[in-house]
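*Asks:* coordinates for the following, if possible.
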Amino acid sequence: QVQLVESGGGLVQAGDSLRLSCVASRRTFSSYYMGWFRQAPGKEREFVAAISWSGGRTRYAHSVKDRFTISRDNAKNTVYLRINSLKPEDTAVYYCGASSTGWGDSQKEYSYWGQGTQVTVSS
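*Replies:* Next comes the predicted model:
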């Protein structure tokens, strides 16, 4: 079992930056692929970014790859999502997920989820 806790969200202005964090409870954190997803009001949860065990490989949704950066610190059991040049359309609840099998863009690959952190971007 892996418990995930996200933080770092809030109410920000368009153009601001944020760094979201997701801390995992398990010492075997480094054996999990990690991903970030987001869910805007009235929409399906969508893939944002994912990172390999070591952090050496990353992948992004096409719509965010120029502004979002995923990273991880295995010594701190933490994965991060840096968001630059925030836009109102980035408003969503952001979730991190952990997967032992893959790092795709499907929610089904991720066995564990946090409760999410709200990001609200005003124009």
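
*Asks:* need the contact list for the nearest residue to G15 once chain neighbours are set aside.
*Replies:* Nearest residue to G15, sequence neighbours excluded (Cβ to Cβ, 6 or more residues apart in numbering): S85, at 6.0 Å. Glycine gets a C-beta too; all of them are placed from N, C-alpha and C. By Cβ atoms under 8 Å, 6 or more residues apart in numbering, S85 lies in contact with 15, 17, 67.

*Asks:* buried ones among these?
*Replies:* By neighbour count, with 16 or more other Cβ atoms under 10 Å, these hold no buried member.

*Asks:* from the residues you listed, which land in strands?
*Replies:* Per DSSP state E, strands hold no members of the contacts of S85.

*Asks:* closest one of these to Q3?
*Replies:* S17 (27.3 Å; Cβ to Cβ).

*Asks:* show me where this protein has strands.
*Replies:* Using DSSP E, strands in the chain cover 4-7, 10-13, 18-24, 33-39, 46-51, 58-60, 68-73, 78-83, 92-99, 112-113, 117-122.

*Asks:* to D105, which of the ones you listed lies closest?
*Replies:* Among the strands of the chain, strand 46-51 sits nearest to D105 (Cβ to Cβ), with 3.6 Å.

*Asks:* direction included, what does the closest one pair against?
*Replies:* Its sheet considered, strand 46-51 pairs with strand 33-39 (antiparallel), strand 58-60 (antiparallel) by DSSP bridges.
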